[in-house]
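# sequence first, then the predicted structure, then my questions.
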Amino acid sequence: MADRTGRLTTRELSMRTVADFEQFFWQVNGCGCALYLFGRHLSPAASAAITGRRPPAAGVRPAGRDWRTGELAAVKDLVRQGLAHGILVYADAEPVGWCHFGRADEVPVPRDDSIPRKRFARYPSTQWRITCLLTRIDHRRRGVAGTALAAAVAAIKKRGGGWIEATPISFPHRDTTLRKVRREHGWNSTAVDEYLKDNWPSREIPGLGRVGACPVTAQTMTNVGTLSMYEKLGFKPTKIDELSGDPRLPFDRVVVRLKA
Ligand SMILES: CC(C)(COP(=O)(O)OP(=O)(O)OC[C@H]1O[C@@H](n2cnc3c(N)ncnc32)[C@H](O)[C@@H]1OP(=O)(O)O)[C@@H](O)C(=O)NCCC(=O)NCCS
């Protein structure tokens, strides 16, 4: 069912729209939702098994195209089985945006011990997860991701609703000096640590504590969206996410939830 927001329309991922997902997937050079669906990107051997090509020798990365072909085939297989869900956003007839969501027990689909804990839902009572947003670069900053997110929540409600969980960044911050310091001194340098300590913005989230900003550029942010995007839809921040922190990066993610 198409849902109109200005020029933008949305459709759910299904066997009817999987060709649009495929078109989008190639235009954006793959998507991080594979990380959530499989717990990680496919291994070279798994990708080779799907593409029918020989796995590369140990230590050799598969060519990007082979790797993505493998991931795309695996995602399509999950769509066929009804195990991969998402929203495509169209500008006119062109797919330009994507939001991945899924049942908590299907994200990731393999449930073995080798999958990192950070790929699973944080709360046992979570029934749905929204994990990944991606907008084609020439359509960014026009509300595509916001439209995709609202449509994902509506799609979850349509399926009976329940607790939805996501882990967006706290808030975005654009800082051109940080890039220069990193370039000049290296990512893990003392100069970067000192620059961050003295200059990096943080904010208090009532009841949760202080969260650091996430570096963004004019054109891009990370694939998880911002806390504010979720708050607009009624999600509440519940805790600072201890699993998604990376000591080399200055930002925090926040676990947000909504009972839909
Ligand atoms: C994150 C991303 C999906 C946002 O898409 P978008 O369609 O441009 O987002 P929207 O226009 O709907 O904006 C949503 C919110 O984010 C903010 N925003 C978006 N891009 C921003 C940027 N570069 N800097 C600061 N804020 C930004 C908007 O101001 C808006 O905030 P608000 O809700 O508080 O008003 C997009 O930047 C993207 O695809 N990035 C690449 C993700 C990636 O690398 N994926 C890897 C493979 S998964």
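Now that the structure is in, tell me what you want to look at. Numbers count the residues shown, from 1 in each chain.
# helix or strand for the closest residue in space to residue 146 that isn't next to it in sequence, which one?
Nearest residue to residue 146, sequence neighbours excluded (CB to CB, 6 or more residues apart in numbering): residue 229, at 5.8 Å. Where C-beta positions appear, they are placed from N, C-alpha and C, glycine not excepted. Following DSSP states H and E, one finds residue 229 within helix 227-231.
# dump the residue contacts of the residue nearest to residue 146.
If you count contacts by CB atoms under 8 Å, 6 or more residues apart in numbering, residue 229 has them with 145, 146, 149, 168.
# of those residues, which pair is most distant in space?
146 and 168 (12.1 Å; CB to CB).
# which one of these two has more residues nearby?
More neighbours surround residue 168 than the other of residue 146 and residue 168, with 26 against 22 (other CB atoms under 10 Å).
# need the helices for the stretch 51-200 of the chain, in chain order.
For the stretch 51-200 of the chain, the helices defined by DSSP state H, counting those that start in this stretch cover 64-80, 144-158, 176-185, 190-199.
# need the ones you listed in TSV with distance to the ligand, can you?
Shown next, in TSV, are the helices of the stretch 51-200 of the chain (distance: least, CB to the nearest ligand atom, whole Å):
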stretch	distance to the ligand
helix 64-80	11
helix 144-158	3
helix 176-185	13
helix 190-199	18
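# using a markdown table, lay out these together with mean pLDDT.
Below are the helices of the stretch 51-200 of the chain laid out as a markdown table (pLDDT from 0 to 100):
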| stretch | mean pLDDT |
| --- | --- |
| helix 64-80 | 86 |
| helix 144-158 | 98 |
| helix 176-185 | 91 |
| helix 190-199 | 91 |
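# most packed of these?
helix 144-158 (a mean of 21; mean count of other CB atoms under 10 Å).
# using PDB, write out every CA atom in it.
Listed next in PDB are the C-alpha coordinates belonging to helix 144-158 (Å, rounded to 0.1, in the frame of the first residue of the first chain):
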ATOM      1  CA  VAL A 144      13.500  10.400   3.000                       C
ATOM      2  CA  ALA A 145      14.800   8.500   6.100                       C
ATOM      3  CA  GLY A 146      12.200  10.200   8.300                       C
ATOM      4  CA  THR A 147       9.500   9.000   5.900                       C
ATOM      5  CA  ALA A 148      10.900   5.400   5.800                       C
ATOM      6  CA  LEU A 149      11.000   5.300   9.600                       C
ATOM      7  CA  ALA A 150       7.400   6.400  10.000                       C
ATOM      8  CA  ALA A 151       6.400   3.800   7.400                       C
ATOM      9  CA  ALA A 152       8.300   1.100   9.300                       C
ATOM     10  CA  VAL A 153       6.500   1.800  12.500                       C
ATOM     11  CA  ALA A 154       3.100   1.800  10.600                       C
ATOM     12  CA  ALA A 155       4.000  -1.600   9.000                       C
ATOM     13  CA  ILE A 156       4.900  -3.000  12.500                       C
ATOM     14  CA  LYS A 157       1.500  -1.800  13.900                       C
ATOM     15  CA  LYS A 158      -0.200  -3.400  10.900                       C
END
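# sweet, I'm off.
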